[in-house]
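Participant: Got a predicted structure here, sequence first:
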Amino acid sequence: MNTKYIFVTGGVVSSLGKGIISASIGKLLLARGYKVTIQKFDPYINIDPGTLNPYEHGECYVTVDGMETDLDLGHYERFTGIHTTRNNSITTGRIYKTVIDRERHGDYLGKTIQVVPHITDEIKRRMLREGLDEGLDFVITEVGGTIGDIESAPFMEAIRQLRWQLGRDAVCVHLTYVPYLKAADELKTKPTQHSVKELQGMGIQPDILVLRTERHLSDSIRLKVASFCNVDLECVVQSEDLPSIYEVPVSMQKQGLDAAIMRKIGIPVGETPAMASWHEFLEKQRNAKREVHIGLVGKYDLQDAYKSIRESLNLAGIYNDVKAKIHFVNSEEITAENVASKLEGMAGIVVCPGFGSRGIEGKIIAAEYGRTNDIPTFGICLGMQMLVIEFARNVLGYKDANSAEMDDKTPHNVIDIMEEQKNITQMGGTMRLGAYDCELVKGSRTFEAYGEKSLISERHRHRYEFNNAYKDEYESNGMKCVGINPASNLVEIVEIPEKKWYIGTQFHPEYSSTVLHPHPLFMSFIKVCSE
């Protein structure tokens, strides 16, 4: 069949969960046996979110091919298990850069470059994934922001044009909000009506409405929305608050969201797929009663800043039949005097990734506390580097040991800038990014965690690395380098075998953890914590 296109837009307010709905649609279509991809179009002018402060945009997610992307791509991968690439994350900045580069090259033959048609044509080209030989059945495209945003207008115009060009091969799913007014004891549909009216004013009639709500919507409310918005009643579904985001695909399936999409496109609906493994996961989640408390030591007091780490811990907990209760501990507030009280009751410690010197001393103190008290400790990227610096200061005796990132004058730069990074001046997209191979030392705890695999591949996002000049000294004093990149000899993993679980990884394992395949290192970490 021809490739079908599903456009997911949002109205009223942001943060309604377009990414979760897009991921859920993808999951339901995959369960029906279709080949699917999901892509995110972000209206901001940055080329990518790699240079954005996490407080601005939450976590920066990295694809296997090294693209820094929006955190929604993490939801897409966790729900569906598909690998996204740089082609799945597009920003206004990338669109304009492409068009301007072509203009400078003379490709437009003297034409006046305009938003319509040149910018919209480039948006359409990427929405259709032209030039990519993928054989996809469905392409789901989520557009960031809300209807009415100035920066979203070219994307809406591109969708309007594609709806006419593609006919029944394109469907628009619009997510809106139905607020509950406590004083009136009423659910209000007017914001949804206004949002749809705004969308219609742009020439787009939504085919399906997903109503985000904190309270169950009656059939009469759904009928009212359907009547006022020119949408079939069966195409008005609700997205209620649920105990877990992973229950959303099941809720959407029960309400027939995937069936409604297929009917709109003209595909026989057939039988509803069972999704047995997904339901088994949800059953394990409901049955997990015992809590395991994990201290998340970082400097960004924002849930989305460490989204993939949080979800990886939660998933590993479920598969270990426990609830991972995550407690954020601000590393800027940790001192040698209060670290015991800050981490009291924690069964495990995760030292988080990040950039810059703010909060690193607190991370180093937390690493020392985990090591000396034999508390399972997991250092990720910068967190791994903090484990290495702490060991140098307190075991090797180099009290002034540091990373060249934090102190370029340190005489003991146990963490140093990578050779290929030394002459780089541009900040965006220039780090060591994407998946790289790593050879594991047989017999190590990490080797066992990976099911005794000798060669793994994991995703990176860093400029600095373990300084191999100190490698022998570390190993002879008890910190083993158990993961090495075969091409560059970069130390990827360190561990202290004599501890219950004390491992640092230069890569980001959280990017590879999915609902049906939780990451083996998180599984091993939570297993030891739960013991």
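Facilitator: Perfect, I can see it now.
Participant: mind listing the strands for the stretch 151-300 of the chain?
Facilitator: For the stretch 151-300 of the chain, the strands defined by DSSP state E, counting those that start in this stretch cover 170-177, 180-181, 186-187, 208-213, 236-240, 291-298.
Participant: Report the angle between the first one and strand 236-240.
Facilitator: Between the direction of strand 170-177 and that of strand 236-240, the angle (axes from the mean of the first three to the mean of the last three Cα atoms, to 10 degrees) works out to 40 degrees.
Participant: partners of strand 170-177 in the sheet?
Facilitator: As defined by DSSP bridges, the strand partners of strand 170-177 come to strand 4-10 (parallel), strand 208-213 (parallel).
Participant: possible to save the strands of the stretch 151-300 of the chain as CSV with mean neighbour count, mean pLDDT and distance to residue 94?
Facilitator: Just so you know, the C-beta spots here come from the backbone N, C-alpha and C atoms, and that holds for glycine as well. Formatted as CSV, the strands of the stretch 151-300 of the chain follow (neighbours: other Cβ atoms under 10 Å; pLDDT from 0 to 100; distance: least, Cβ to Cβ, whole Å):
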stretch, mean neighbour count, mean pLDDT, distance to residue 94
strand 170-177, 24, 97, 22
strand 180-181, 10, 92, 39
strand 186-187, 14, 93, 39
strand 208-213, 23, 97, 28
strand 236-240, 20, 96, 30
strand 291-298, 23, 98, 29
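Participant: Now tabulate the ones you listed in TSV and tack on distance to residue 522.
Facilitator: Shown next, in TSV, are the strands of the stretch 151-300 of the chain (distance: least, Cβ to Cβ, whole Å):
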stretch	distance to residue 522
strand 170-177	30
strand 180-181	37
strand 186-187	39
strand 208-213	30
strand 236-240	28
strand 291-298	10
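Participant: Just the strands from the stretch 1-150 of the chain, written as ranges.
Facilitator: Along the stretch 1-150 of the chain, the segments classed as strands by DSSP E, counting those that start in this stretch run 4-10, 36-42, 61-62, 68-69, 89-91, 138-143.
Participant: quick check: angle from the second one to strand 4-10?
Facilitator: For the pair strand 36-42 and strand 4-10, the angle between their directions (the same axes, to 10 degrees) equals 40 degrees.
Participant: for strand 36-42, packing partners?
Facilitator: Here strand 36-42 touches helix 18-31, helix 72-80, strand 89-91, helix 120-127, strand 138-143, going by 3 or more Cβ pairs under 8 Å, 6 or more residues apart in numbering; DSSP states H and E.
Participant: Give me the residues contacting it.
Facilitator: For strand 36-42, contacts defined as Cβ atoms under 8 Å, 6 or more residues apart in numbering pick out 19, 22-23, 26, 29-30, 49, 69-70, 72-73, 76, 80, 82, 84, 87-92, 123, 126-127, 129, 134, 136-145, 155.
Participant: Out of the strands paired with strand 170-177, which gets nearest to residue 189?
Facilitator: Residue 189 lies closest to strand 208-213 among the strands paired with strand 170-177, at 8.2 Å (Cβ to Cβ).
Participant: How far off centre is that closest one?
Facilitator: How far strand 208-213 lies from its chain's middle: 23 Å, per Cα atoms, centre = their mean, to the nearest Å.
Participant: List of residues touching that strand?
Facilitator: Taking Cβ under 8 Å, 6+ apart as the rule, strand 208-213 contacts 16-17, 21, 171-178, 180, 187, 192, 196, 217, 222, 225-226, 229, 231, 235-241, 257, 260-261, 264.
Participant: one step back: now the strands paired with strand 170-177 in TSV, with distance to residue 269?
Facilitator: Shown next, in TSV, are the strands paired with strand 170-177 (distance: least, Cβ to Cβ, whole Å):
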stretch	distance to residue 269
strand 4-10	14
strand 208-213	14
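Participant: check contacts around the most centrally placed residue in the chain.
Facilitator: By Cα atoms, centre = their mean, the chain has its centre lying nearest to residue 74, at 2.6 Å. Residue 74 sits next to 59, 61, 307-308, 311, 511 when contact means Cβ under 8 Å, 6+ apart.
Participant: Same check on residue 270?
Facilitator: The contact partners of residue 270, taken as Cβ under 8 Å, 6+ apart, are residue 32.
Participant: could you measure it against residue 260, distance?
Facilitator: 14 Å (Cβ to Cβ, to the nearest Å).
Participant: Could you report the neighbour count for residue 286?
Facilitator: By other Cβ atoms under 10 Å, 12 other residues sit near residue 286.
Participant: likewise residue 17?
Facilitator: Neighbour count for residue 17, taken as other Cβ under 10 Å: 18.
Participant: possible to save the helices and strands packed on strand 36-42 as a markdown table with mean pLDDT and distance to residue 468?
Facilitator: Below are the helices and strands packed on strand 36-42 laid out as a markdown table (pLDDT from 0 to 100; distance: least, Cβ to Cβ, whole Å):
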| stretch | mean pLDDT | distance to residue 468 |
| --- | --- | --- |
| helix 18-31 | 97 | 40 |
| helix 72-80 | 97 | 32 |
| strand 89-91 | 96 | 34 |
| helix 120-127 | 97 | 42 |
| strand 138-143 | 98 | 43 |
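Participant: out of the ones you listed, nearest to residue 436?
Facilitator: helix 72-80 (18.0 Å).
Participant: OK, contacts around the nearest residue to residue 433 once chain neighbours are set aside?
Facilitator: The shortest distance from residue 433 to any non-neighbouring residue, by Cβ to Cβ, 6 or more residues apart in numbering, is to residue 66 (3.6 Å). Counting by Cβ under 8 Å, 6+ apart, residue 66 touches 86, 433-435.
Participant: now swap in residue 188 and tell me
Facilitator: Residue 188 sits next to 178-181 when contact means Cβ under 8 Å, 6+ apart.
Participant: how far out from the middle of the chain is the worst-scoring helix or strand of the chain on mean pLDDT?
Facilitator: Scoring the helices and strands of the chain by mean pLDDT, DSSP states H and E places helix 54-57 at the bottom, with a mean of 82. Centroid displacement of helix 54-57 relative to its chain, using Cα atoms, centre = their mean, is 13 Å.
Participant: Looks to me like residue 400 is in a strand.
Facilitator: No. Per DSSP: H, G, I helix; E, B strand; the rest coil, residue 400 lies outside any strand segment and is coil.
Participant: related to what we said a few turns ago, pull out the buried members of the contacts of strand 36-42.
Facilitator: Taking 16 or more other Cβ atoms under 10 Å as the criterion, what is buried in the contacts of strand 36-42 is 19, 22-23, 26, 29-30, 49, 69-70, 72-73, 76, 80, 82, 84, 87-92, 123, 126-127, 129, 136-145, 155.
Participant: re the thing from before, need the strands of the stretch 1-150 of the chain in CSV (columns: distance to residue 322).
Facilitator: Below are those laid out as CSV (distance: least, Cβ to Cβ, whole Å):
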stretch, distance to residue 322
strand 4-10, 34
strand 36-42, 30
strand 61-62, 26
strand 68-69, 31
strand 89-91, 34
strand 138-143, 33
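Participant: Between these, which one is closest to residue 485.
Facilitator: Comparison of those against residue 485 by Cβ to Cβ identifies strand 61-62 as nearest, at 16.4 Å.
Participant: From the contact counts, what lies against the closest one?
Facilitator: Strand 61-62 makes packing contacts with strand 68-69, helix 72-80, strand 455-462 when contacts are defined by 3+ Cβ pairs under 8 Å, 6+ apart.
Participant: contact partners of it?
Facilitator: Contacts for strand 61-62 (Cβ under 8 Å, 6+ apart): 68-74, 308, 433-434, 459-461, 508, 511.
Participant: can you check stretch 321-337 too?
Facilitator: By Cβ under 8 Å, 6+ apart, stretch 321-337 touches 284, 287-299, 301, 310, 313-314, 316-317, 342-343, 346, 352, 358-363, 365-366, 526, 530.
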